[in-house]
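>>> Below: sequence and its predicted model.
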Amino acid sequence: MSDIVIRSEPAAAPPVAALLPVARRTWVTRSNPVGKIIAMAVLTFGVVLSIDIVSASLMLALIALTAPLAGVRAAVLARRLWFIPLIALGAGYGTALLSEKSGTVLLQLGPVVFSTGSLLAGLAVALRTIDLVLPCVLLAASIDSTELADSLVQICRLPERFVLASLAASRLVGLFAAELATLQMARRARGVGGAGPFAKLAAFFPVSFALLVQAIRRGTRLAMAMEGRAFGTAGRTWSRTSRLGGRDAVLIVCSAAMAAAAITAAVATGAWNLIFT
């Protein structure tokens, strides 16, 4: 019975991979998930230390040069991630509006004042926002959930029960969405609800309750099946060996070099503005 339950659940694609599909395999996409996570942390550390235009601009240029290594086509990147520049623009506008006004006043409309200093600070924050989000999305797009679970347990020594339970839950995300669509179509077939916003709000609670019941039933069956296969027990073996190799070392070193280049350029030009001071 447990065999039927496990094999009948469709595998769901990772959320980031569904948003940003990888068109081709490169040495970056074939790297270990833990190596990609370390590279994300290194790049984020190099960006988050200072709010200045020099380091943010150089980091963005380096990310743009190395983006093809993520295996994502430029057209797909522009079509799927169009909202990131909008978020960055909003963050930059808020910073320019609320930051300290220094330098020459460029625009003043009542309480709304923009100066050269505030605009530079807003531009730095906008670029910094893109630098923080874009490399993480590009690297996470090629991370497979199964490979991530293997690497977290075998390399990072995280608890097996927690990791395997999270992996099983991620695999059921697609099924959860399919069940939601099925329930909505069944309600429409019975003439229940409508298309307006108030009708959707009224249908939220009954649909949520039905999904909760289904989730509890499926979670119980899945837990019994995993216990029957001895998941989470000590000394279990793994069909896939996960380890860090030379490819991962190159990825981490390149990420550190990008962060170091951005920091060095900001310090050399006098634009370095450490946020912790």
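On my side now, so go ahead. Small disclaimer: the values here were computed from a predicted structure and weren't measured. Numbers count the residues shown, from 1 in each chain.

>>> From L65, how far off is the residue nearest to the spatial centre of the chain?
The centre of the chain sits closest to V137, judged by CA atoms, centre = their mean, with a distance of 5.0 Å. For V137, the distance to L65 equals 17 Å [CB to CB, to the nearest Å]. C-beta here means a position set from N, CA and C on the backbone, and glycine is covered the same way.

>>> hmm, back to that, my reading is that the residue nearest to the centre of the chain lies in a helix. Confirm?
Yes - according to DSSP: H, G, I helix; E, B strand; the rest coil, V137 belongs to a helix.

>>> Looks like it contacts L81 (just checking).
Yes - between V137 and L81 there is a contact at 6.7 Å, judged by CB atoms under 8 Å.

>>> residues bridging contact with those two, i.e. touching both?
L20 (CB atoms under 8 Å, 6 or more residues apart in numbering).

>>> Now do the strands in the stretch 1-150 of the chain.
For the stretch 1-150 of the chain, applying DSSP state E, counting those that start in this stretch gives strands covering 105-109, 112-115.

>>> Given the longest one, what are its sheet partners and their directions?
Right, strand 105-109. Note on strand 105-109: by DSSP bridges, its sheet partners are strand 112-115 (antiparallel).

>>> where's the strand it pairs with relative to the chain centroid, distance-wise?
Remark: strand 112-115 is offset 34 Å from the chain centroid, using CA atoms, centre = their mean, to the nearest Å.

>>> Counting neighbours, which bits of that strand end up buried?
Within strand 112-115, the residues that count as buried by 16 or more other CB atoms under 10 Å are F114, S115.

>>> contacting residues around it?
For strand 112-115, the external contacting residues (CB under 8 Å, 6+ apart) are A96, L97, K101, S102, G103, T104, V105, L106, L107, Q108.

>>> mind redoing it with 10 Å?
Strand 112-115 has contacts (CB atoms under 10 Å, 6 or more residues apart in numbering) with 93, 96-97, 99-108, 121-122.

>>> Show me just the buried residues among those.
For those, a burial check counting by 16+ other CB under 10 Å picks out A96, S99, K101, A121, G122.

>>> As a check, name the ranges of all helices in the chain.
Along the chain, the segments classed as helices by DSSP state H run 2-8, 15-19, 33-48, 53-66, 74-80, 83-98, 116-140, 145-154, 160-171, 173-189, 197-202, 204-228, 246-269.

>>> From one end of stretch 45-55 to the other, what's the distance?
From its first residue to its last, stretch 45-55 covers 12 Å (CA to CA, to the nearest Å).

>>> I misspoke; the intended subject was stretch 222-241.
Note: stretch 222-241 ends 24 Å apart using CA to CA.

>>> mind listing what's buried in that stretch?
Residues L222, A225, M226, F231 are the ones in stretch 222-241 that count as buried (16+ other CB under 10 Å).

>>> Find me the pLDDT at the nearest residue to L138 once chain neighbours are set aside, would you?
With CB to CB, 6 or more residues apart in numbering as the criterion, L138 has its nearest non-adjacent residue at 4.0 Å, and that residue is A70. A70 is assigned 89 on the pLDDT scale.

>>> okay, now N32: neighbour count?
Residues lying near N32 (other CB atoms under 10 Å) number 21.

>>> Would you check that it makes contact with S242?
Yes - with contact defined as CB atoms under 10 Å, N32 reaches S242; the gap is 6.4 Å.

>>> what residues are shared contacts of those two?
Jointly contacting N32 and S242 under the rule CB under 10 Å, 6+ apart are E147, L148, D150, S151, I155.

>>> Pull out the buried residues from those residues.
When those are checked for burial by 16+ other CB under 10 Å, the buried set is L148, D150, S151, I155.

>>> any idea which of those is closest to A75?
Lowest distance from A75 to the buried ones among the shared contacts of N32 and S242 (CB to CB) belongs to L148, with 27.3 Å.

>>> Wait, that closest one touches L139, no?
No - using CB under 10 Å, L148 makes no contact with L139, being 11.8 Å away.

>>> what residues do those two have in common as contacts?
Residues touching both L148 and L139 (CB under 10 Å, 6+ apart): P33, K36, I37.

>>> Of those residues, grab the buried ones for ChimeraX.
Command for ChimeraX, covering only those of the shared contacts of L148 and L139 found buried under the criterion 16+ other CB under 10 Å:
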select :33,36,37
